[in-house]
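Participant: need a 3D model of the sequence below.
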Amino acid sequence: MPIQQLPSHLINQIAAGEVVERPASVVKELVENSLDAGASSVHVDIVAGGQKLIRIRDNGAGIPKDEISLALSRHATSKISSLDDLEAVVSLGFRGEALPSIASVARLTLCSKVADSQSAWQVDVNNGEVSDPGPVAHPNGTSIEVHDLFFNTPARRRFLRTERTEFGHIEKWIRRLALSRPDVAFTLTHNRRTVLQLAAATSESERLARISRICGEAFADQAIYLEHATEGIALSGWVGLPTFNRSQPDMQYWFVNGRSISDKTLSHAARHAYRDVLFHGRYPAYVLGLTMDPKGVDANAHPAKHEVRFRDGRRVHGVVSQAVEVALRETKPGGHAVVSAPVDVTGTYAQGAMPLAGPYKPGSGAVRESLAAYRALSGAAAVAAIDPDTGQAQVPPLGFAVAQIAGVYVLSENSDGLVIVDMHAAHERILYEKLKRGYDDKAVVRQPLLVPTTVAVAESEADLVEQHKEMLESLGLVIDRAGPTSLVVREVPALLKNSDAEGLLRDVLSDIAEAGRSNRVEDVCHDYLATMACHTSIRANRQLTTEEMNALLREMEMTDRADQCNHGRPTWTTITMADLDRLFLRGR
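Facilitator: Numbering: from 1, shown residues only. Predicted structure coming up:
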């Protein structure tokens with residue numbers, strides 16, 4: 001065929017193929033427009049999974065009469081006007097393609113009113129034909145109705161799934177948008193039944209309540225609030241405790257400057273932060289928002305704006321990984337409320353155990369009195385902390401040891417009830433953190449290979465080595481390029497002298513290609529340290545004295561990530577007095 005200019009309606013349908021994948025795509029684009037318009041309340045009404053009707057109503061700024069028809073034209077937008085605006089996008093939408101693309105594959109009605117107008121104005125679009133604006137009654141804001149999606153493209157309609165499945169995708173996007181904008185009220189109905197109704201959340205407790213509604217109470221109860229800012233990058237949100245994990249990465253929400261996205265760099269950074277505390281094959285859960293200079297983010301990297309591109313991905317990766325890792329360090333007995341320093345310490349360190357304290361002076365309360373009585377009978381030394389408000393001794397988070405079961409578990413009593421500790425898992429974490437500190441505080445010692453290893457790689461991978469030579473040497477890897485597709489590994493970290501140098505190099509190059517940096521060497525070294533800690537920690541059936549059990553409990557309280565062992569297994573759990581009373585039907 002000869003080259004020819006395509007008609008505008010066909011151009012819109014081609015664009016719709018990128019923008020409008022299914023009803024959920026329509027909902028996403030239209031709700032994002034509502035948010036860009038400054039709406040504080042958005043109502044989404046769905047009929048038949050969005051195939052029959054999608055209605056979006058908001059109380060935003062609205063569209064003036066003389067701009068309504070223009071809003072339905074391709075590449076017409078109020079959100080950018082120059083290349084500088086495109087390189088620093090602060091709105092969710094900016095291409096001016098959503099409305100005309102949707103109107104080309106559905107029957108669309110747009111009604112809008114601005115605050116200073118006496119009347120609202122409405123236009124209808126049918127098969128690409130836009131009617132003249134007509135006056136109607138409508139409150140301030142905009143309503144858009146999308147009827148009979150894909151009515152004129154039956155091939156696209158046949159690819160839609162069942163009504164239930166399509167509505168599930170819509171609900172998923174509304175939940176994502178509600179997480180990104182807690183200050184906006186959302187209402188979602190399906191076939192005239194209210195499915196989701198969320199009031200605007202402004203305080204931290206209200207935002208956590210919204211998190212609970214969307215992600216579940218279990219996540220909200222086992223999540224840590226994170227807030228970190230450095231180098232022009234701010235990270236905030238909730239990260240789930242390692243004990244709350246998933247079989248799939250289906251509860252990982254990322255928002256970059258308010259935009260819901262999926263990004264390999266951010267996901268890799270979070271996964272690296274959880275590496276020491278998560279059970280193998282499980283995935284963490286989190287809701288995190290990243291705020292940074294819009295000029296450092298390319299939002300125009302994906303047709304449906306699901307992905308972004310960072311100008312300095314390595315720096316973003318480092319900031320995110322460090323912030324999440326610091327938050328997870330406090331996953332230890334006592335949580336984020338750091339236990340006060342021990343007082344009256346008179347003992348000395350013995351075989352890595354915590355120093356033992358002088359006489360314990362309990363305050364009032366039955367639990368403290370029982371602990372004091374037990375200590376008087378057993379002679380067990382205890383570490384107490386002083387409450388800064390009352391000046392009285394506090395019961396530590398893990399309390400004091402009372403027994404050992406089957407040479408495996410330590411039983412302890414604290415202010416809440418009964419504590420059960422897996423002594424091997426707990427000691428394994430304590431030793432591992434000590435080994436890591438010793439390794440991380442020293443410069444990497446390199447070991448020259450007796451016989452350098454030659455590795456055949458792709459030319460692009462060889463180029464990566466030359467580009468990141470200094471970074472690789474800082475990791476303890478000395479690698480030379482022997483040819484266009486050949487590398488020679490000459491030195492490796494001394495701790496990994498017996499490892500597979502070729503496999504290690506390929507993994508490092510894969511990480512650099514994906515995320516711009518690699519923690520593979522550090523992770524492998526830590527794996528060796530974890531193995532050493534596992535083999536040297538307390539084994540089952542070893543009988544501990546009361547002093548040794550209490551020393552183990554005190555050291556757990558001061559060890560980062562002590563809630564889990566190196567393999568992600570929990571190290572301790574608690575049974576409250578209320579749980580025990582229910583178990584034995586007390587008070588009934």
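Participant: which one is the spatially most central residue of the chain nearest to, not counting chain neighbours?
Facilitator: Nearest to the mean C-alpha position of the chain, by C-alpha atoms, centre = their mean, lies Tyr286 at 3.1 Å. Spatially, and ignoring its direct neighbours in sequence, Tyr286 is nearest to Val239 (4.4 Å; C-beta to C-beta, 6 or more residues apart in numbering). Placement of C-beta: from N, CA and C, glycine included.
Participant: in what helix or strand does that neighbour lie?
Facilitator: strand 233-240 (DSSP states H and E).
Participant: please report how far the closest residue to Tyr274 other than its chain neighbours lies from Gln248.
Facilitator: Nearest residue to Tyr274, sequence neighbours excluded (C-beta to C-beta, 6+ apart): Pro284, at 4.7 Å. Distance, Pro284 to Gln248, using C-beta to C-beta, to the nearest Å: 11 Å.
Participant: check Gly93 too.
Facilitator: 30 Å.
Participant: next one: Asp183
Facilitator: From Asp183 over to Gln248 the distance is 30 Å, taken as C-beta to C-beta.
Participant: kindly report the same for Gln467.
Facilitator: Taken as C-beta to C-beta, the span from Gln467 to Gln248 is 34 Å.
Participant: more neighbours, the two?
Facilitator: Legend: neighbour count by other C-beta atoms under 10 Å for Gln467 and Gln248, higher for Gln467 (11 against 8).
Participant: per-residue confidence for that one?
Facilitator: Turning to Gln467, the model gives it a pLDDT of 89.
Participant: phi, psi for it please.
Facilitator: phi -70, psi -30 (degrees, to the nearest 10).
Participant: now the lengthiest strand in the chain - C-alpha only, CSV.
Facilitator: The strand that spans the most residues within the chain, counting by DSSP state E, is strand 446-456. Extracted C-alpha coordinates of strand 446-456, given in CSV (Å, rounded to 0.1, in the frame of the first residue of the first chain):
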residue,chain,number,x,y,z
ARG,A,446,41.4,-10.0,48.7
GLN,A,447,42.8,-13.4,47.9
PRO,A,448,44.7,-13.8,44.6
LEU,A,449,43.7,-17.0,42.7
LEU,A,450,46.5,-19.5,42.2
VAL,A,451,45.1,-20.1,38.7
PRO,A,452,43.1,-17.1,37.4
THR,A,453,39.6,-18.1,36.1
THR,A,454,38.8,-17.2,32.5
VAL,A,455,35.1,-16.5,31.9
ALA,A,456,33.4,-16.2,28.5
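Participant: now for it, which elements pack on it?
Facilitator: Where contact means 3 or more C-beta pairs under 8 Å, 6 or more residues apart in numbering; DSSP states H and E, strand 446-456 is packed against strand 486-493, helix 501-515.
Participant: how about 10 Å then?
Facilitator: On a contact count with 3 or more C-beta pairs under 10 Å, 6 or more residues apart in numbering; DSSP states H and E, strand 446-456 meets helix 459-467, strand 478-483, strand 486-493, helix 501-515.
Participant: tilt between the last one and strand 446-456?
Facilitator: Going by axes from the mean of the first three to the mean of the last three C-alpha atoms, to 10 degrees, helix 501-515 is angled at 80 degrees with respect to strand 446-456.
Participant: and if you look at the second one?
Facilitator: Using the same axes, to 10 degrees, the inter-axis angle of strand 478-483 relative to strand 446-456 is 30 degrees.
Participant: pull up the pairing partners for strand 478-483, direction included.
Facilitator: strand 486-493 (antiparallel) (DSSP bridges).
Participant: give the buried residues for the strand it pairs with.
Facilitator: When burial is assessed from 16 or more other C-beta atoms under 10 Å, strand 486-493 yields the following buried residues: Leu487, Val489, Glu491, Val492, Pro493.
Participant: residues contacting the residue nearest to the last one when sequence neighbours are not counted?
Facilitator: Right, the one you point to is Pro493. In space, Pro493 comes closest to Gly476 once its chain neighbours are excluded; the distance is 3.5 Å by C-beta to C-beta, 6+ apart. Applying C-beta atoms under 10 Å, 6 or more residues apart in numbering to Gly476 gives the contacts 443-447, 491-496, 521-522, 525.
Participant: need the buried ones from the residues you listed selected in ChimeraX.
Facilitator: This is how ChimeraX selects the buried members of the contacts of Gly476, with burial counted by 16+ other C-beta under 10 Å:
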select :444,446,491,492,493,495,496,521,522,525
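Participant: in JSON lines: the contacts of Gly476, plus distance to Arg569 and pLDDT.
Facilitator: As requested, these are arranged in JSON lines below (distance: C-beta to C-beta, whole Å; pLDDT from 0 to 100):
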{"residue": "Ala443", "distance to Arg569": "33", "pLDDT": "70"}
{"residue": "Val444", "distance to Arg569": "30", "pLDDT": "73"}
{"residue": "Val445", "distance to Arg569": "31", "pLDDT": "81"}
{"residue": "Arg446", "distance to Arg569": "34", "pLDDT": "86"}
{"residue": "Gln447", "distance to Arg569": "33", "pLDDT": "89"}
{"residue": "Glu491", "distance to Arg569": "36", "pLDDT": "91"}
{"residue": "Val492", "distance to Arg569": "31", "pLDDT": "88"}
{"residue": "Pro493", "distance to Arg569": "28", "pLDDT": "84"}
{"residue": "Ala494", "distance to Arg569": "30", "pLDDT": "83"}
{"residue": "Leu495", "distance to Arg569": "25", "pLDDT": "77"}
{"residue": "Leu496", "distance to Arg569": "26", "pLDDT": "80"}
{"residue": "Val521", "distance to Arg569": "26", "pLDDT": "78"}
{"residue": "Glu522", "distance to Arg569": "22", "pLDDT": "78"}
{"residue": "Cys525", "distance to Arg569": "22", "pLDDT": "80"}
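Participant: closest one of the contacts of Gly476 to Cys111?
Facilitator: Nearest to Cys111 among the contacts of Gly476: Glu522, at 57.7 Å, using C-beta to C-beta.
Participant: for that closest one, helix, strand, or coil?
Facilitator: For Glu522, the assignment made with DSSP: H, G, I helix; E, B strand; the rest coil gives helix.
Participant: surely it and Leu475 touch.
Facilitator: Yes. Here Glu522 reaches Leu475: they are 7.3 Å apart, a contact under C-beta atoms under 10 Å.
Participant: joint contacts of those two?
Facilitator: Listed as contacting both Glu522 and Leu475 by C-beta under 10 Å, 6+ apart are Val444, Pro493.
Participant: circling back: distance to Asn140 added to the buried residues of strand 486-493, as TSV?
Facilitator: Conversion of the buried residues of strand 486-493 to TSV gives the following (distance: C-beta to C-beta, whole Å):
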residue	distance to Asn140
Leu487	65
Val489	67
Glu491	69
Val492	67
Pro493	64
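Participant: need the pLDDT of the closest residue in space to Ser260 that isn't next to it in sequence.
Facilitator: Among residues not flanking Ser260 along the chain, Arg176 sits closest, at 4.5 Å (C-beta to C-beta, 6+ apart). As predicted, Arg176 sits at a pLDDT of 96.
Participant: helix or strand: which one has Arg176?
Facilitator: Assigned by DSSP H and E, Arg176 falls within helix 163-180.
Participant: list the buried residues in that helix.
Facilitator: For helix 163-180, the neighbour count (16+ other C-beta under 10 Å) marks 163, 166-167, 169-171, 173-180 as buried.
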